[in-house]
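Q: Just a sequence and a predicted model for now, questions to come.
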Amino acid sequence: MKYILSIDIGGTRIKSAVLPERPSIEQVMNAPSRVVPTLGWLNHSLPKLVDPNHWPSLAAYYKKQGIHYDTVALSVPGVVDEHGRFMRADLVDGPAKVPLELLKALNESAGCKVTLIKDADAWMMGFQAVAEMCEIEVRYPAVLMAFGTGFGISAAFSVDSVASIEVSARPIDTWKSLVAVSGCDEPISWLVHKIIGRPFFEYVDKSKKDWDYLKIRDEYTKRVNAALDDILPWIERCMGNPIRTCILAGGNAGYVSKRALSDRGINVFGLTAGMRKIPLDLINVLGVEASSRRPTPMALQ
């Protein structure tokens, strides 16, 4: 049986597990796993994370435990092109110095085959795997939105075809509804991440201490709905059909009202606590495993 060291690198935490190819629910639940802080890894040292001879690495941890794997699969918080290059300029060109040729560097460090995808695409593949395991019917095309340190989107034409979307690559004037709702109109490429990502919650914590959970949820849902107003027409034109399913994923998905999004006439799934039999931390790790045996998601055109 083939085993895959599956690693999801988030903005705050790195989640990992050694999974057999096409695992069952029982195999996922019983798989050896480890979670470590991202701090100290999302920089020039990232390839060492899979070096079995670098003692702080995940590879070394599993080696010490006597846990064997055949290949490595990772997801990272940013665009990966068809050549395995990491296209986040702030991390590649900035002081962090993450290698641009990231897949090549990971292969050299791991000493075995490595596959690499974007984190939102891992969420989508993980959702599809959980839906299959739990016999949940999914209507396609589908869009997944991941709410964490930033804001990610992935789309799927079918259970076998995932398309990658990079919201920061969209023109600034794409986000007219989002800007109107939030009042934030800075001409920056990562505008959407500022309005829907971690900066929103930092703003609430600092300036809106009187807001209760329901108020935060209402304000956040307004922003998410506005973002969908802005980007869904483009996604649907690219896919050639209306979106029929929307999936909410990530640590801040619980602040989005599924009912409000359902008013659009689409099915809404929340990867928070309800529809899953698998711990939340393992869903995108499961998607990383799936990515090791599926075509690399290509950018939606």
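A: Thanks, I have the structure now.

Q: At which residues are the strands of this protein located?
A: Here the chain has its strands, by DSSP state E, at 3-9, 13-20, 33-37, 71-76, 114-118, 142-147, 151-158, 161-165, 245-249, 267-270, 298-299.

Q: just so I know, which of those lies nearest S291?
A: strand 114-118 (4.7 Å; C-beta to C-beta). Yep, even glycine has a C-beta here, placed from its N, CA and C like the rest.

Q: by how many degrees do the closest one and strand 3-9 diverge?
A: With axes from the mean of the first three to the mean of the last three C-alpha atoms, to 10 degrees defining the directions, strand 114-118 sits at 30 degrees from strand 3-9.

Q: Offset the numbering so it begins at 34, please.
A: Sure, I'll start counting at 34 from here, so that last one is strand 147-151.

Q: what about strand 147-151, distance to the chain center?
A: Taking C-alpha atoms, centre = their mean, to the nearest Å, one finds strand 147-151 lying 12 Å from the centre of the chain it belongs to.

Q: Tell me the helices and strands packed up against it.
A: Counting contacts by 3 or more C-beta pairs under 8 Å, 6 or more residues apart in numbering; DSSP states H and E, strand 147-151 packs against strand 104-109, helix 135-143, helix 313-324.

Q: How about the contacts made by I42?
A: By C-beta atoms under 8 Å, 6 or more residues apart in numbering, the residues touching I42 are 71, 74-75, 79, 82, 107-110, 152.

Q: Out of the helices and strands packed on strand 147-151, flag the one nearest S187.
A: Comparing those under C-beta to C-beta, the one sitting nearest is helix 313-324, at 9.5 Å.

Q: That closest one to strand 46-53, inter-axis angle?
A: Going by the same axes, to 10 degrees, helix 313-324 makes 50 degrees with strand 46-53.

Q: residues in contact with the nearest residue to R231 once chain neighbours are set aside?
A: Nearest non-adjacent residue to R231, counting by C-beta to C-beta, 6 or more residues apart in numbering: T182, 4.9 Å away. When contacts are counted by C-beta under 8 Å, 6+ apart, T182 touches 43-45, 110, 230-231.

Q: Please pick the buried ones from these.
A: When the contacts of T182 are checked for burial by 16 or more other C-beta atoms under 10 Å, the buried set is 43, 110, 230-231.

Q: quick revisit: just tell me which of the helices and strands packed on strand 147-151 ends up closest to A196.
A: Per C-beta to C-beta, nearest to A196 of these: helix 313-324, 13.5 Å.

Q: what comes up buried for that closest one?
A: Residues of helix 313-324 classed as buried: 313, 315-324 (neighbour count, 16+ other C-beta under 10 Å).

Q: Over to stretch 242-257?
A: 249-250, 252-257.

Q: Repeat that for stretch 68-84.
A: 69, 71, 74-75, 78-84.

Q: With distance to G216 and pLDDT as added columns, please give those residues in JSON lines.
A: Below are the buried residues of stretch 68-84 laid out as JSON lines (distance: C-beta to C-beta, whole Å; pLDDT from 0 to 100):
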{"residue": "V69", "distance to G216": "37", "pLDDT": "97"}
{"residue": "T71", "distance to G216": "31", "pLDDT": "97"}
{"residue": "W74", "distance to G216": "35", "pLDDT": "98"}
{"residue": "L75", "distance to G216": "31", "pLDDT": "97"}
{"residue": "S78", "distance to G216": "39", "pLDDT": "98"}
{"residue": "L79", "distance to G216": "36", "pLDDT": "98"}
{"residue": "P80", "distance to G216": "41", "pLDDT": "98"}
{"residue": "K81", "distance to G216": "43", "pLDDT": "98"}
{"residue": "L82", "distance to G216": "39", "pLDDT": "98"}
{"residue": "V83", "distance to G216": "43", "pLDDT": "98"}
{"residue": "D84", "distance to G216": "46", "pLDDT": "98"}
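
Q: I'd like the distance between the nearest residue to A143 once chain neighbours are set aside and L136.
A: Spatial nearest neighbour of A143, chain neighbours left out: V83 (4.1 Å); criterion: C-beta to C-beta, 6+ apart. Distance check for V83 against L136: by C-beta to C-beta, to the nearest Å, it reads 11 Å.
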